[in-house]
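**Student:** Sequence plus predicted model, see below.
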Amino acid sequence: MCNWRRSLKIAYHNKRIVETINEREKVRWVFLTLTVRNTDAESLPETIKAMFKGFQRLTNYKAFKTSVKGYFRALEVTKNRDPESESFGTYHPHFHVLLAVPHTYFKKKDLYITQDEWTSLWQKAMKIDYKPIVHIQRVKPKEKLDDLKGYETQFKKAMKEQNAILEVSKYPVKDTDVIKGNKVTAENVETILALDNALANKRLIGYGGLLKQIHKELNLGDAENGDLVNVTGEDEVANGTFDVIARWHVGLRNYVIE
């Protein structure tokens, strides 16, 4: 399955999960982004390994268990291609997380977790001596989704704007067979080896709590397989999650050949 379809498939699975939960329970939905400092290729595998362990610690904290009913977690790795940047050539792994929280989350002090508190929790979970960048925001309802052709066009346009993306088809979302100039360079080889070493055999997406329960109940299976149908719906919050998650690049992004 090509990369944009895999992205849409994951988003569609989550849309169905959100719709099902919204039909049964009163919840609110938020997007959480968890980052760490950029790392070089040699340190990337250990950094990602530490992030998975850190996320597991985070989910076991009392504050998380009290305030979060369930989650979807996706790993994305980007590479800095800006020659003017101090971080040029380094990798930036980070988590995108969709959280289901109680409907009183934003009203009760014993439930609400501020951005500073999320930052402190993530810093503690990662056992790092610096403040990581953490972003939290509510899911914005979307009245109507674009049709699939619209999303497909956006994905293909994004690929063209990035010039070319290395083919790494073993990973769940971001891959293409377009390589500009069809050249094998030392940089391309270094990138492929770094990613293969860092991401092989990793579960780049995962579910927990209520979302894991509903995913299993709906028997959604692997996002790699099956048809993508009936993405439209009346649940505006579910539409909002689909619209954002469809643009997440689970796995790899911005591995551009200049």
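**Tutor:** That came through fine. Residues are numbered from 1 along each chain as shown.
**Student:** Which strand or helix spans His13?
**Tutor:** Per DSSP states H and E: His13 is located in helix 3-24.
**Student:** whoops, I mixed them up, Lys49
**Tutor:** Counting by DSSP H and E, Lys49 is part of helix 44-60.
**Student:** So for that helix, what gets flagged as buried?
**Tutor:** Residues of helix 44-60 classed as buried: 44-45, 47-48, 50-51, 54-55, 57-59 (neighbour count, 16 or more other CB atoms under 10 Å). The C-beta positions use only the backbone N, C-alpha and C, and glycine is treated the same way.
**Student:** Name the residues of the helix or strand just after that helix that are buried.
**Tutor:** Using DSSP H and E, the helix or strand that follows helix 44-60 in sequence is helix 62-67. For helix 62-67, a neighbour-count test (16+ other CB under 10 Å) marks 64, 67 as buried.
**Student:** Touching helix 62-67 from outside, list them.
**Tutor:** Outside of helix 62-67, the residues within contact range by CB atoms under 8 Å, 6 or more residues apart in numbering are 58-59, 101-102, 105, 110-113, 117, 121.
**Student:** For the helix holding Lys49, which helices and strands make contact with it?
**Tutor:** The helices and strands touching helix 44-60, judged by 3 or more CB pairs under 8 Å, 6 or more residues apart in numbering; DSSP states H and E, are strand 27-35, strand 70-79, strand 91-102, helix 115-126, helix 186-199.
**Student:** Same list, the ones you listed, but as JSON lines with mean pLDDT and mean neighbour count please.
**Tutor:** Shown next, in JSON lines, are the helices and strands packed on helix 44-60 (pLDDT from 0 to 100; neighbours: other CB atoms under 10 Å):
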{"stretch": "strand 27-35", "mean pLDDT": "94", "mean neighbour count": "19"}
{"stretch": "strand 70-79", "mean pLDDT": "88", "mean neighbour count": "22"}
{"stretch": "strand 91-102", "mean pLDDT": "92", "mean neighbour count": "22"}
{"stretch": "helix 115-126", "mean pLDDT": "98", "mean neighbour count": "17"}
{"stretch": "helix 186-199", "mean pLDDT": "64", "mean neighbour count": "15"}
